[in-house]
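Asks: generate a structure from the sequence data that follows.
(2 chains, ligands or ions: 2)
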Amino acid sequence: MKLSRREFLATSAAGATIGAMGRSGAVMAQAVRSPRRAELPRPRGPRVVVVGGGWSGLSMAKYLKQEKPDFDVVLVERRAMFMSCPMSNLWLAGLIELEFLVHSYLDAARNNGYLYLNATATELDRHRRRLYTSEGFIDYDYLVVAPGIGYDYAAMGVKDPADRARLAQDYPAAFRPGSEHLTLKRKLEDFDGGTFVLTVPPGSYRCPTAPYERACVIASLFKRDRLKAKVVLLDAHADIVVGRHGFHEVFRRLYADYIEYVPGFEIETLDPGRKRVVGGVGDVDFDDAAIYPPVRGAEVLERFGLMDPADPQKEARIDPLRYHLLGDERVYVTGDSRPMPIAKTGYTANSEARYVAKVIAHHAEGSDFTPWYSPEALCYATVSTHPHQAISVFAHYIYRQNEREVVTYTARPDVDDHWDHAKALSGLEWARAFYREMFD
Amino acid sequence: MKRRTFIKLCTSVTAAIAANPRLLAAAPTGVTARNRVKLVDAKGAPVHPDGLAVGQNYIFHYPFQGTPCFLLRLPAGKVKAGIPLKTEKGEVYPWAGGVGKGGTVVAFSAICTHLMTHPTDKLAFIHYYHGKDSELAGRSDVITCCAHGSVFDPAAGAKVIAGPAPQPLTAIVLELDAKDGGLYAVGTQGADIYHQFFRAFKRELRKQFGRRVAKREVEGTTTLVPLEEYTKQRIDC
Ligand SMILES: Cc1cc2nc3c(=O)[nH]c(=O)nc-3n(C[C@H](O)[C@H](O)[C@H](O)COP(=O)(O)OP(=O)(O)OC[C@H]3O[C@@H](n4cnc5c(N)ncnc54)[C@H](O)[C@@H]3O)c2cc1C
Ligand code: FES
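Replies: Residues are numbered from 1 along each chain as shown, chains lettered A, B, ... in the order given. Ligands and ions are numbered 1, 2, ... in the order given. I've put the predicted structure just below:
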């Protein structure tokens, strides 16, 4: 696709704004830009740099290499070790070991024919096709940015930056893997009773089933230990977002005394000092909490100029069918930072990557665009830990193009509300298969 | 399968046909000829189509000692031998079909073409449903993989009818022996994911079969076992 005149003007205008940026901006850019080249072997084919080694980036790196073996793929990831968000709720309940969730980036790269650079991507110069990282810069032919999500505490009405920092530290959401999850597990082990608040953020958030699954897992532990405790689940949505019948049944039949589900709860602000959630319909005090704030595209999108300023969730400004930045077919954004209303899940990230890798490979070969197909999403959500039982939730997407060529996606969730142990085992196999795919 | 190997396969089939022109009428294209292996029961006796129960999942290993396959006797009148199927790379092959009366005895690799989930001695997340619906498929007479919900139609060469699998299950080409009337496996058709499979499951295969055993080609005979005996737990979905 050629740049349309309008898109071209738009890009140049953005360039001009950056050029006219104040001195402090320029100085800051100088400070983070590393003048040296990252230590990598010379590219042996078109170089594709993937930023972010989550479910999306790992899948992209693998499938790019598979689609076009002469691509020289470099995965830039700031973490030294992978930890999986999917299945982490089972680990909170002690059903699996941490080893099930953590994997080696070195294995992923060695087994799939690409390079892993343990570095943070800091700046992007699209005109020179150069990515700056904490370990030096890399010149690319194609860039895939898959940085996941960010938390938007400000959008939750928490105005004071000190309160935001405190919330993030004292009541972590545990929706970005790592210390947040370790802290949540410790909190649950230490919890002696009272009210444990969980929140479901508005809009499109990471893993539609996970907050409900987590409520069940925590309630299951309270029930097992006969604690005088309950989970208060404050949902910004009018009803359970996915798996509605299943989760309602589970709440009613298994956790009537342990889960208080509050739909349509709009958070006005949060006071971490007083342990209080202030809502339009009333306030809720808690003894402990894991506050899941509204989700936004990862911060790096904004820094790289890839964010759509009109998007309330600050996600990427990309073509919804081909995933490239509007006006630049060398830069792609995938995974949870995409703006399309596709569920933000590991499975969709993987299944989308198979397709986007084809799009990029075709572009590099100057051949035709490959037809769009729906990413897949089948998830197993644990609803009880002792015994271990799960439900399954399924969604797929259709592509619609109306007369004005505006593209929309429609999710058609389909739910199955029987829970059993077989589904729990299938859930584990679900994950094992993906880890195999990404790391072996 | 890489394109080059695929062409090579076709050439080997062509060569076989040249050597024996009678094969021409029957020889399906895209077949990888492999060891001719006799299917036997637990007592070592040949397996006859009539002795198989309709709807039962049977497991045997072919073409390698660690690669499980399904042998199924499908209900009569449904099998669509010759239907064109497509691999992920776009190679088209007409399904060789089954053997026995009405061609109802069919065999497929039991390794899911999505992310290679397969029945092991412990668990079977993928298998054939008959006389009961697969919940995820919403129907019976399908092979469903519970890992991510891929559904295959065994009467149509294990073509993908739902879910993420990018290509049909690899078909196992069967033959009935003119002398003993028993079943033989003689080749494979379609996806070739064995190399990936051995790499990804190296450790697990070593545990189940012993060091370096899984990769060895099966020679002579291979034993047929009902799924319920092969695995500890069959998972339905
Ligand atoms: C509790 C929980 C349960 C879940 N359950 C499921 C489930 O059952 N099924 C399912 O399909 N999904 C599930 N998910 C969702 C799934 O984890 C996400 O949708 C998936 O991780 C999205 O992949 P991603 O690659 O877009 O983002 P991520 O996996 O978050 O990866 C982004 C990566 O980018 C890196 N990064 C960011 N910025 C930079 C930078 N500047 N430089 C270098 N690296 C950078 C980050 O370190 C990170 O590793 C669950 C999530 C949670 C939290
Ligand atoms: S491995 Fe069978 S559906 Fe994914």
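Asks: quick one, what contacts residue 129?
Replies: This is for chain A. A:139-141, A:143, A:330 (Cβ atoms under 8 Å, 6 or more residues apart in numbering or on different chains). Quick note: C-beta positions are derived from backbone N, CA and C, even for glycine.
Asks: please refer instead to chain B.
Replies: Contacts of B:Tyr129 (Cβ under 8 Å, 6+ apart): B:137, B:140-144, B:236.
Asks: ok, and the most crowded of these?
Replies: Comparing the contacts of B:Tyr129 on neighbour count, B:Thr144 comes out first with 28 neighbours (neighbours: other Cβ atoms under 10 Å in any protein chain shown).
Asks: report all helices and strands that the helix or strand that one falls within contacts.
Replies: With secondary structure defined by DSSP states H and E, B:Thr144 is part of strand B:142-145. With contacts taken as 3 or more Cβ pairs under 8 Å, 6 or more residues apart in numbering or on different chains; DSSP states H and E, strand B:142-145 sits against strand B:126-129, strand B:150-153.
Asks: now those as TSV including distance to A:Ala119 and mean pLDDT?
Replies: Shown next, in TSV, are those (distance: least, Cβ to Cβ, whole Å; pLDDT from 0 to 100):
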stretch	distance to A:Ala119	mean pLDDT
strand B:126-129	40	98
strand B:150-153	37	97
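Asks: and those as a markdown table, adding distance to B:Val54?
Replies: Output for the helices and strands packed on strand B:142-145, formatted as a markdown table (distance: least, Cβ to Cβ, whole Å):
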| stretch | distance to B:Val54 |
| --- | --- |
| strand B:126-129 | 11 |
| strand B:150-153 | 16 |
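Asks: A:Val51 is nearest to which of the ones you listed?
Replies: Taking Cβ to Cβ, strand B:150-153 is the member of the helices and strands packed on strand B:142-145 nearest to A:Val51, at 30.9 Å.
Asks: output the contacting helices and strands for whichever helix or strand comes after the closest one.
Replies: Where DSSP H and E defines the elements, the next helix or strand beyond strand B:150-153 is strand B:159-162. Applying 3+ Cβ pairs under 8 Å, 6+ apart, we find strand B:159-162 packed against strand B:150-153.
Asks: buried residues, the strand it packs on. List them.
Replies: B:150-153 (16 or more other Cβ atoms under 10 Å in any protein chain shown).
Asks: before we move on, the earlier item: so which of the helices and strands packed on strand B:142-145 gets nearest A:Arg338?
Replies: Closest to A:Arg338 of the helices and strands packed on strand B:142-145, according to Cβ to Cβ: strand B:150-153, at 24.2 Å.
Asks: mind checking how far that closest one is from the chain centre?
Replies: What separates the centre of strand B:150-153 from the centre of its chain is 13 Å, taken as Cα atoms, centre = their mean, to the nearest Å.
Asks: quick one: strands adjacent to that strand?
Replies: strand B:142-145 (antiparallel), strand B:159-162 (antiparallel) (DSSP bridges).
Asks: turn those into a markdown table, including mean pLDDT and distance to ligand 1.
Replies: What follows is those, written out as a markdown table (pLDDT from 0 to 100; distance: least, Cβ to the nearest ligand atom, whole Å):
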| stretch | mean pLDDT | distance to ligand 1 |
| --- | --- | --- |
| strand B:142-145 | 98 | 16 |
| strand B:159-162 | 96 | 18 |
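Asks: same list, the ones you listed, but as CSV with distance to B:Gly220 please.
Replies: As requested, the strands paired with strand B:150-153 are exported to CSV (distance: least, Cβ to Cβ, whole Å):
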stretch, distance to B:Gly220
strand B:142-145, 28
strand B:159-162, 32
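Asks: can you pull the residues of chain B lying near ligand 2?
Replies: B:112, B:114-115, B:117, B:145, B:147-150, B:163-165 (Cβ under 6 Å from any ligand atom).
Asks: nearest to A:Ile291, of those residues?
Replies: B:His148 (31.6 Å).
Asks: quick revisit: can you add distance to A:Pro293 and give the contacts of B:Tyr129 back as JSON lines?
Replies: Formatted as JSON lines, the contacts of B:Tyr129 follow (distance: Cβ to Cβ, whole Å):
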{"residue": "B:Ala137", "distance to A:Pro293": "39"}
{"residue": "B:Ser140", "distance to A:Pro293": "46"}
{"residue": "B:Asp141", "distance to A:Pro293": "48"}
{"residue": "B:Val142", "distance to A:Pro293": "43"}
{"residue": "B:Ile143", "distance to A:Pro293": "44"}
{"residue": "B:Thr144", "distance to A:Pro293": "39"}
{"residue": "B:Asp236", "distance to A:Pro293": "40"}
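Asks: pick out the most distant pair among the residues you listed.
Replies: B:Asp141 and B:Asp236 (14.3 Å).
Asks: now, among the buried residues of strand B:150-153, which is nearest to ligand 1?
Replies: When the buried residues of strand B:150-153 are compared for distance to ligand 1 (Cβ to the nearest ligand atom), B:Ser150 wins out at 15.8 Å.
Asks: quick check: that closest one vs B:Ala110, distance?
Replies: 13 Å (Cβ to Cβ, to the nearest Å).
Asks: mind listing the helices for chain A?
Replies: A:5-19, A:23-32, A:55-67, A:88-92, A:98-101, A:105-112, A:161-170, A:179-190, A:210-224, A:244-254, A:299-303, A:346-364, A:421-439 (DSSP state H).
Asks: okay, the last one in PDB with CA atoms only?
Replies: Included here for helix A:421-439 are C-alpha records, laid out as PDB according to Å, rounded to 0.1, in the frame of the first residue of the first chain:
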ATOM      1  CA  HIS A 421     -12.200 -31.400  36.600                       C
ATOM      2  CA  ALA A 422     -11.800 -32.400  32.900                       C
ATOM      3  CA  LYS A 423     -11.900 -28.800  31.900                       C
ATOM      4  CA  ALA A 424      -9.400 -27.900  34.600                       C
ATOM      5  CA  LEU A 425      -7.000 -30.500  33.200                       C
ATOM      6  CA  SER A 426      -7.700 -29.200  29.700                       C
ATOM      7  CA  GLY A 427      -6.800 -25.800  30.900                       C
ATOM      8  CA  LEU A 428      -3.400 -27.000  32.000                       C
ATOM      9  CA  GLU A 429      -2.800 -28.700  28.700                       C
ATOM     10  CA  TRP A 430      -4.000 -25.400  27.000                       C
ATOM     11  CA  ALA A 431      -1.100 -23.600  28.700                       C
ATOM     12  CA  ARG A 432       1.500 -26.400  28.400                       C
ATOM     13  CA  ALA A 433       0.900 -26.500  24.600                       C
ATOM     14  CA  PHE A 434       1.500 -22.700  24.300                       C
ATOM     15  CA  TYR A 435       4.600 -22.800  26.400                       C
ATOM     16  CA  ARG A 436       5.900 -25.600  24.200                       C
ATOM     17  CA  GLU A 437       5.100 -23.500  21.100                       C
ATOM     18  CA  MET A 438       6.900 -20.400  22.400                       C
ATOM     19  CA  PHE A 439       9.900 -22.000  24.100                       C
END
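Asks: helices and strands around that helix, which ones?
Replies: Using 3+ Cβ pairs under 8 Å, 6+ apart: helix A:421-439 touches helix A:55-67, strand A:102-103, helix A:105-112, helix A:346-364, strand A:377-385, strand A:388-395.
Asks: so which of the strands paired with strand B:150-153 is nearest A:Val359?
Replies: strand B:159-162 (21.6 Å).
Asks: next SSE downstream of that closest one?
Replies: strand B:171-176.
Asks: what lines up beside the next helix-or-strand element following that next one in the sheet?
Replies: Following strand B:171-176 in sequence order, the next helix or strand is strand B:183-189 (DSSP H and E). As defined by DSSP bridges, the strand partners of strand B:183-189 come to strand B:31-40 (antiparallel), strand B:171-176 (antiparallel).
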